[in-house]
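Asks: Need the 3D shape of this:
(chains A, B, C and D)
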2 protein chains.
Amino acid sequence: MVDKEEYRARIIRTASRIFSHYGFRKTTMEEISQALKKGKSSIYYYFQSKEEIFEAVVLYEANQLRRRLTAAIKEVDSPPDKLRNYIYVRMREFAKLSNYYNAVFDKNLDHFEFIEKIRARYDREELAIIRLLVYVGNNRGSFAVEDSEYTAMAIQTMLKGMEVPLFWRRREIDINYRLEAILTLIFNGILKKQ
Amino acid sequence: MVDKEEYRARIIRTASRIFSHYGFRKTTMEEISQALKKGKSSIYYYFQSKEEIFEAVVLYEANQLRRRLTAAIKEVDSPPDKLRNYIYVRMREFAKLSNYYNAVFDKNLDHFEFIEKIRARYDREELAIIRLLVYVGNNRGSFAVEDSEYTAMAIQTMLKGMEVPLFWRRREIDINYRLEAILTLIFNGILKKQ
DNA sequence: AACAAAGTGGAACAAACGGGTCGGATATTC
DNA sequence: GAATATCCGACCCGTTTGTTCCACTTTGTT
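Replies: Residues are numbered from 1 along each chain as shown, chains lettered A, B, ... in the order given. Presented below is the predicted three-dimensional model:
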């Protein structure tokens, strides 16, 4: 059937909404099926288990994140703007795509093996992106760094460090403050002094 | 003990936070006690049941609403401003104090009898406030209405009418648009033509 | 029309969950 | 050190929930 995939996508979108509100544990198959106006057992025609739905949801959000980050980079031209945009969007979206987010952080969910894989893949891709941004910025004369690889890793580490307080749900101001601080730090340490 | 009441208050604040996120049903006693870093059974030393906690939470939020509304009125001086302020704050806070809010609207919660009482009391008080605002505005020459009581009831009815779409969680814009429309209507129909 | 395949949902069930109880442990007060 | 206030682990038991089974309707094909 052609629209079986489409229906799977619909389930994913719906489940994503509910999961992101209540979390994996508190979301029931009953709720998902009700939101879809189907019988609970019908869902099992499209997915093997609740866990499989969650996996699909997290994958879906991870792709969404990737798409938005790519768009954010293309949006502007100069390397510093690209990097700044990337970091901003990363921080903002990361908290918004809460299933991906919880999947990565929630201790109660650490029995899902697929999370580790997704996370590892994302890390690899992100490092490549940052490395490229730094490299291009260097070539264009915006940045002045010795080793793109090493610098990219340092930046990524900083970004990871910001995820933790993000997870703690501190005050917005605090987050923004940290974000600004990190950006200033990165740019002041990276921009060619004129 | 002096701080038994204080501890009850702490439970209420904590429970309020969790209830407002997950709703009455999905919030467990386990979670509340964990958030308080106490054993589950310890909570029962302060409250008889989960329902009693919820009742206290709703009452707490109702009082908070009352306090903020009173403050909103005192904040400005002219009667039209007072009324405008009152309505704005009412709408904004109502959605924020989500337990009170859900208590009043959630169909799954209609077996709580205390809700009816709180609601009735709030209605009475609100009517009195609006009546007074209208009456004073009338005396001060800002408004020109025949019967304060009747007008106050009409305004309250309008406000109630706005709670429904508020409950539907429509777009912010829609809500604000309605709010403006209602305000314009009330004021244009109420302000003395010069 | 007839038949297979795709899709649906009600019923049933085992496992887990969750509100509430109880008896005793531990801390505090006098 | 007795009396009282506070806390908690272990348990109870009705309810919830993920999943399966199977009979059913719907859809597409010949």
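Asks: Need the pLDDT of A:Pro165.
Replies: Listed pLDDT for A:Pro165 reads 55.
Asks: now do A:Arg170
Replies: pLDDT, A:Arg170: 46.
Asks: Output the contacting helices and strands for the worst-scoring helix or strand of chain A on mean pLDDT.
Replies: Taking mean pLDDT, DSSP states H and E as the measure, chain A has helix A:172-190 as its least confident helix or strand, at a mean of 73. On a contact count with 3 or more CB pairs under 8 Å, 6 or more residues apart in numbering or on different chains; DSSP states H and E, helix A:172-190 meets helix A:79-96, helix A:148-167. (C-beta placed from N, C-alpha, C; glycine too.)
Asks: Now do that helix: everything it contacts.
Replies: A:80, A:83-84, A:87-88, A:91, A:134, A:137, A:143-145, A:151, A:155, A:158-159, A:162, A:165-166 (CB atoms under 8 Å, 6 or more residues apart in numbering or on different chains).
Asks: Apply 7 Å and report the result again.
Replies: By CB atoms under 7 Å, 6 or more residues apart in numbering or on different chains, the residues outside helix A:172-190 that reach it are A:80, A:84, A:87, A:91, A:143, A:145, A:155, A:158, A:162, A:165-166.
Asks: now those: which count as buried?
Replies: Buried subset of these (neighbour count, 16 or more other CB atoms under 10 Å in any protein chain shown): A:80, A:84, A:87, A:91, A:143, A:145, A:155, A:162, A:166.
Asks: What's the local residue count around the residue of chain A found nearest DNA strand C?
Replies: DNA strand C sits closest to A:Gly39 of chain A, with a gap of 2.4 Å, by CB to the nearest atom of the strand. By the measure other CB atoms under 10 Å in any protein chain shown, the count of residues near A:Gly39 is 12.
Asks: do the same with A:Asp81
Replies: 15.
Asks: Check A:Glu93 too.
Replies: With other CB under 10 Å as criterion, A:Glu93 counts 19.
Asks: That one contacts A:Arg68, doesn't it?
Replies: Yes - counting by CB atoms under 7 Å, A:Glu93 touches A:Arg68, with 5.5 Å between them.
Asks: Quick check: phi and psi on A:Phe47?
Replies: phi -130, psi 150 (degrees, to the nearest 10).
Asks: my guess is it contacts A:Ile53, does it?
Replies: Yes - look at A:Phe47 against A:Ile53 with CB under 7 Å: they come within range, at 4.8 Å.
Asks: hey, what's in contact with both of those two?
Replies: Joint contacts of A:Phe47 and A:Ile53 (CB under 7 Å, 6+ apart) are A:Ile11.
Asks: who's more crowded, these two?
Replies: Higher neighbour count among A:Phe47 and A:Ile53: A:Ile53, with 24 against 19, using other CB under 10 Å.
Asks: hang on, the earlier thing: pick out the shakiest of the helices and strands packed on helix A:172-190, pLDDT-wise.
Replies: Among these, helix A:148-167 scores lowest, with a mean of 77.
Asks: Show me what counts as buried in it.
Replies: Buried-residue list, helix A:148-167, by 16+ other CB under 10 Å: A:148, A:151-152, A:154-156, A:159, A:162-163, A:166.
Asks: which secondary structure elements does that helix contact?
Replies: Under the contact definition 3 or more CB pairs under 7 Å, 6 or more residues apart in numbering or on different chains; DSSP states H and E, helix A:148-167 sits against helix A:79-96, helix A:113-139, helix A:172-190.
Asks: returning to what we had before: as CSV, the buried residues of helix A:148-167 with distance to B:Ser16 would be great.
Replies: Converted to CSV, these look like this (distance: CB to CB, whole Å):
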residue, distance to B:Ser16
A:Ser148, 50
A:Thr151, 46
A:Ala152, 44
A:Ala154, 42
A:Ile155, 40
A:Gln156, 39
A:Leu159, 34
A:Met162, 29
A:Glu163, 28
A:Leu166, 24
